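Participant: What follows is a predicted structure for the sequence shown.
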Amino acid sequence: MARPIWTGTLSFGLLNVPIRLMSGERRNDIHFRMLDQRNNTPVRYERVNAETGDEVPWKDIVKAFEYQKGSYVVLEEDDIRNAASDAHETVEIDSFVDGSEISPAYFEKPYILLPAKKAEKGYVLLRETLKKTGKVGIARVVIRTKEYLAAVMPQDDALVLNLLRYKSEVVDTEEFELPGKATADYRITPREIEMATDLIESMSAKWKPEDYRDEFREKLRAAIEKRLKSKGVTATVEEDERTPENATTNVVDFMALLKKSIGSKTRTPAAKRAPPAKATSKKTATKKAAAKKTAAKKTSTRKAPAKRRAG
């Protein structure tokens with residue numbers, strides 16, 4: 001099974017459901033290498049200094065913003081990291097909207113949320129409530145170092161997290177000259193609409209994604225196999241199982257939390273949760289203190305003079 005991108009919590013109201021964030025897409029692209037046709041040697045792309053022509057190692061490369069031609073401001077890694085929310089490894093649902101209100105143009109990339117062990121109750125509670133109400137949870141989530149807007153929605157037995165584009169990233173259709181007049185202005189008759197409707201109904205079928213294949217990829221793969229005769233690669237990855245601390249599980253009184261959330265109309269603030277890094281540093285400090293004690297004991301034992309035996 002694939003490795004989770006991260007494990008954390010799905011938060012709505014005062015409920016925190018432990019989850020694992022899994023990729024919801026599988027890239028099947030065939031990748032090519034560029035070769036020098038004179039001797040079939042791979043062409044290497046190097047990072048070179050534009051002035052000296054010398055190769056630059058990764059450790060010497062920094063990120064910068066070009067605010068005007070030839071002028072840059074260098075950003076530290078902390079600048080980029082701090083721009084994102086503090087709620088790392090948390091899907092924070094801020095509000096719920098009707099699913100039909102979100103245009104398909106806003107959907108960018110799917111992820112699948114899996115419940116951690118003993119967290120099925122909260123997961124199923126949210127999933128079934130979203131199905132019943134037709135609502136979608138609008139959330140913010142940090143993946144790697146970037147914060148995204150996302151929609152949490154039910155799909156069969158799963159909760160799917162779809163990354164959303166921001167309004168500024170979607171091109172408004174009003175920017176284009178589109179045929180927006182009445183059908184009569186385009187000399188479309190009621191009979192033509194009726195015939196087009198009959199045609200669409202006659203060609204209608206149930207959506208079965210398995211009926212559609214990437215034929216281009218299949219033909220390209222066959223051409224590669226024909227030239228190579230036979231060659232294959234297999235790989236296995238281990239799954240990282242980790243349940244976050246202080247997360248809602250099956251044994252929690254959900255009714256009490258739901259009533260409290262409705263009464264206060266607040267959600268658990270991300271800032272009040274102890275970040276994993278701090279917890280780790282605390283454990284490290286404890287270990288260091290214990291190590292110092294042990295070292296001191298050994299030193300005192302070594303320094304103690306041996307007693308002379310009576311001659």
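Facilitator: Looks like it came in fine. Numbering: from 1, shown residues only.

Participant: which residues in this structure form strands?
Facilitator: 6-12, 15-23, 35-36, 41-42, 63-68, 71-75, 90-98, 107-115, 135-143, 146-155, 158-164 (DSSP state E).

Participant: which residues of the chain fall in helices?
Facilitator: Secondary structure of the chain (DSSP state H): helices at 77-83, 120-133, 190-202, 215-228, 254-264, 276-303.

Participant: Could you give the average pLDDT over the shortest one?
Facilitator: Read that as helix 77-83. The average pLDDT for helix 77-83 rounds to 76.

Participant: Contacts for it, please.
Facilitator: K63, T145, E147 (Cβ atoms under 8 Å, 6 or more residues apart in numbering). Bear in mind the C-beta positions are built from the backbone N, C-alpha and C, glycine included.

Participant: Pull the number of nearby residues for W6.
Facilitator: Close neighbours of W6, defined as other Cβ atoms under 10 Å, add up to 18.

Participant: tell me the contacts of it?
Facilitator: By Cβ under 8 Å, 6+ apart, the residues touching W6 are R20, L21, E89, I143.

Participant: from those, which has minimum pLDDT?
Facilitator: E89 (78).

Participant: And for it, the neighbour number?
Facilitator: 19.

Participant: Same check on T7?
Facilitator: 18.

Participant: Could you do the one 10 residues further on as well?
Facilitator: Residues lying near V17 (other Cβ under 10 Å) number 27.

Participant: what does T9 give?
Facilitator: 26.

Participant: show me the contacts for I19.
Facilitator: T7, G8, T9, L10, V91, L113, L114, P115, A116, A119, Y123, L159.

Participant: Contacts only, for the fourth one.
Facilitator: Contacts here follow Cβ under 8 Å, 6+ apart; on that basis L10 touches 16-19, 90-91, 93, 113, 122-123, 126, 152, 159.

Participant: Same question for the second one.
Facilitator: Residues in contact with G8, defined by Cβ under 8 Å, 6+ apart, are P18, I19, L21, H88, E89, T90, V91, P244.

Participant: what does the last one give?
Facilitator: With contact set as Cβ under 8 Å, 6+ apart, L159 has these partners: L10, I19, I112, L113, Y123, L126, R127, L130, V152, M153.

Participant: Considering those, which is situated nearest to R33?
Facilitator: If you rank these by distance to R33 using Cβ to Cβ, I112 comes first, at 31.8 Å.

Participant: Name the spans of the stretch 151-300 of the chain whose pLDDT lies under the cut-off.
Facilitator: Counting by pLDDT under 70, the stretch 151-300 of the chain contains low-confidence ranges at 228-252, 264-300.

Participant: Can you tell me the closest non-neighbouring residue to M34?
Facilitator: Among residues not flanking M34 along the chain, V43 sits closest, at 4.3 Å (Cβ to Cβ, 6 or more residues apart in numbering).

Participant: For the residue nearest in space to the middle of the chain, name its beta-bridge partners.
Facilitator: By Cα atoms, centre = their mean, the mean C-alpha position of the chain lies nearest to I143, the distance being 4.8 Å. According to DSSP bridges, K146 are recorded as the beta-bridge partners of I143.

Participant: That one and P4 touch, don't they?
Facilitator: No: the pair I143 / P4 is not scored as a contact, 11.7 Å apart, by Cβ atoms under 8 Å.

Participant: Give the residues shared as contacts by these two.
Facilitator: L21.

Participant: if we can go back for a sec, most neighbours among the contacts of L10, which one is it?
Facilitator: Neighbour-wise, those (other Cβ under 10 Å) top out at I19, 29 neighbours.

Participant: Spit out the contact partners of the residue nearest to Y67 when sequence neighbours are not counted.
Facilitator: Excluding the flanking residues, the one nearest Y67 by Cβ to Cβ, 6+ apart is V73, at 5.9 Å. Shown in contact with V73 (Cβ under 8 Å, 6+ apart): A64, F65, Y67.

Participant: Skip the chain neighbours and tell me the closest residue to the first one.
Facilitator: It stands for A64. Y72 (4.0 Å).

Participant: What of the second one?
Facilitator: Taking Cβ to Cβ, 6+ apart as the measure, F65 lies nearest to V73, with 5.3 Å between them; neighbours along the chain are not counted.

Participant: What's the per-residue pLDDT of that neighbour here?
Facilitator: Predicted confidence (pLDDT) at V73: the value is 88.

Participant: before we move on, what about D29?
Facilitator: pLDDT recorded at D29 is 72.

Participant: likewise the one 10 residues further on?
Facilitator: According to the predicted model, the pLDDT of N39 comes to 87.

Participant: Farthest pair within the contacts of G8?
Facilitator: P18 and H88 (14.9 Å).

Participant: just to revisit the earlier point, what's the lowest-pLDDT member of the contacts of helix 77-83?
Facilitator: Lowest confidence among those: T145, with 75.
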